[in-house]
Every structure is written in C-alpha cells, then in structure tokens.
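A.B. asks: Mind looking at a prediction? Sequence and model below.
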Amino acid sequence: MSDSLAIERKGSIGRVTLNRPERHNAFDDVLIGELTEVLRSFEAEDAIRVVVLSGAGKSFSAGADLNWMKRMAGFSMDENRRDAMGLATLMRTLAHLRKPTVARVHGAAYGGGVGLVACCDVAIATQSASFALTEAKLGLIPAAISPYVVAAIGERAARRYFLTAERFDAAEAFRLGLVHDLASDAEALDEKIGDLVDSLLACSPAAQLAAKELIRAVANRPVTSELIQDTAERIAKIRSSPEGREGVAAFLEKRRASWVAPEPEAPAAP
Ligand code: COA
C-alpha cells in the first residue's frame, strides 16, 4: 500500500483520508485500487460500524489525476475500458458499502471528488468548500460518477453543471442536496461529523444495511403492486429479526439497545 491514503481505526469508526495534498488529493489508478481495497476491508471488519472519508491538506479531492488521464489517452480502447472500470468499481463499492458512509468535505471537491461525495450516505461541508464537474471543460465527461451524482443533484441540475463545468459554492451544493449540512469552519465541521457519527452508532447496523437496500429498491421506481409487496416483505422480515426485536424491546423496557455503547462510568465519589 502506498502512502496516498491515511487509514485509522478508532473504536467503531474507520477513517480513510485521501493523502496527496500536493495534488489536492487527485486520484490515479493506484489510489483508486487502494481506496477500493480499504473500503472492502472496513466492510469486512465487524468492529467498524461507520466509515468517514476525508481529504488531507487544502482540498477534499481534485478528482481524477490529470497526469493519469493524459497517460491513458495513449493506451488502446480495451486498456482504457479496463482502466475506467477501476473508477466505476470504486464508486459502486463506496455507494453500496454495507455500512454507513460519511464525507467530510472541505476546500475543492472537483470531478471525481464530487462523485465520492455523492456516493457517501451523508455529506457535510465547510461553507468555504467549492464544487465543480469540470470534465466538459477538459473535453471529458463525468461518466463513472454520473449515476451517483445525478441521483444526488437530479437530472435538471446535472444538465447545467455537467454542461457548463461552472464552479458552485457550498450553499448551492446544500441547496441541490449534494451535501446535507454546512459548517462554518474545519473545527465546526469535525464537531458536526462527530454528532452525526454518534447518531449513526445509536442505530441498528442491520437496520441501516436494510435501509440502504430499501432506498435502492424503491428509488425512482413506479409504485406497482410488486413494489408494495416488496416493502411489506421487508418490514415483515426485519421486525421479526434479532435487531428488530431487540430495538423495540429496548424502547419499551426503557433501556439501551444491545448495539449502543454503554454510558461511560461516572468517576467514583471521593
Ligand atoms: N490532477 C493532477 N494534478 C492536479 C489536479 C488534478 N486533478 N488538481 C490539481 N493538481 C495539481 C496542479 O497541477 C498543481 O501542480 P503543480 O504544483 O505541479 O503545478 C498542484 O496540484 C496545485 O494545484 P493549483 O492549481 O496550483 O492549486 P490551486 O489551489 O490554485 O487550485 C484546484 C486547486 C483543485 C481548484 C485546481 O488545481 C483545479 O482546478 N484542479 C483541477 C481539478 C479538476 O478539474 N478535476 C477534475 C478532473 S476530471
């Protein structure tokens, strides 16, 4: 593993920080492969319940490394297809991760950086963060990230920002739904991320996974009798599941559910 990623496991939180600050955390094929691997290993570790993605230095991520893009232009179509699948696989791995994912966004999030934000379940940005889908200005298109970005900002906004490559600010990202909340500065951002992680850790991991699958199953689908049947099936299944039973019982018995960390012990009286 190169040093392009900083990885930290702290209690139930897996943190991965893009760590090429001198390139504004632009990612090439190597970083893409490594990030995919790290996400998969967090997914497989029972102790990790929430994944936080951030960037070191001035930016969250300047997207695809343009030196890599330039290099790939000289390769065959088949090689380009194979290579492009790496980025598509990363986006899918992040978007479909079986655990909640959080993007901590500051500075620039451009191109693929916007893709990473859109793939996370929740994103919070500083008010000074800036965003752009610059691909068209470079003669490219935001292909691999498009399913997730269009899902996040909608087709209408995608038409504008994919075609104009205009930069937009954090307030606009918030208005479009790309980010869920804004923080005044980095310190406030960390505080908000901390509160968000606490909320995520208070919920049932099995329910969170089932909720992610539910969203994918119902989003943009017509409400047919099959879909209604499917939603009934899902709630019927989860309410008789171990965590469904435990969560409801814990509420009624006025106690913490088994997945919630116990309250820290009060210091002994002198
Ligand atoms: N790929 C490769 N290198 C990149 C990069 C990228 N996506 N983004 C920034 N860099 C490099 C710059 O080339 C520069 O390298 P140098 O020091 O060798 O000249 C270095 O990072 C610092 O960037 P610079 O532009 O001087 O910093 P800035 O603070 O003025 O601007 C950005 C930062 C991110 C706004 C600006 O670099 C930018 O617009 N980058 C392009 C992002 C982009 O379009 N990404 C989508 C790709 S599909």
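C.D. replies: Structure received.
A.B. asks: how many neighbours does the closest residue to the ligand within the chain have?
C.D. replies: Nearest residue of the chain to the ligand (CB to the nearest ligand atom) works out as residue 111 at 2.7 Å. Placement of C-beta: from N, CA and C, glycine included. Residue 111 has 27 neighbours, counted by other CB atoms under 10 Å.
A.B. asks: List the residues that contact the closest residue in space to it that isn't next to it in sequence.
C.D. replies: Nearest residue to residue 111 in three dimensions, chain neighbours excluded: residue 63, at 2.7 Å (CB to CB, 6 or more residues apart in numbering). Residues in contact with residue 63 (CB atoms under 8 Å, 6 or more residues apart in numbering) are 26, 27, 110, 111, 112, 113, 114, 115, 134.
A.B. asks: Quick one: neighbours of the last one, just the number.
C.D. replies: By the criterion of other CB under 10 Å, residue 134 has 23 neighbours.
A.B. asks: How about the residues of the stretch 1-150 of the chain by the ligand?
C.D. replies: With the criterion set to CB under 6 Å from any ligand atom, the stretch 1-150 of the chain comes near the ligand through 23-24, 26, 59, 62-67, 108, 110-111, 134-135, 138, 140.
A.B. asks: Give me the buried subset of the residues you listed.
C.D. replies: Buried subset of these (neighbour count, 16 or more other CB atoms under 10 Å): 23-24, 26, 59, 62-66, 108, 110-111, 134-135.
A.B. asks: Which ones among these lie within strands?
C.D. replies: Under the assignment DSSP state E, those contribute 108, 110 to strands.
A.B. asks: List just the nearest of the buried ones among the residues of the stretch 1-150 of the chain next to the ligand to residue 195.
C.D. replies: The shortest gap between residue 195 and any of these belongs to residue 59, at 23.8 Å (CB to CB).
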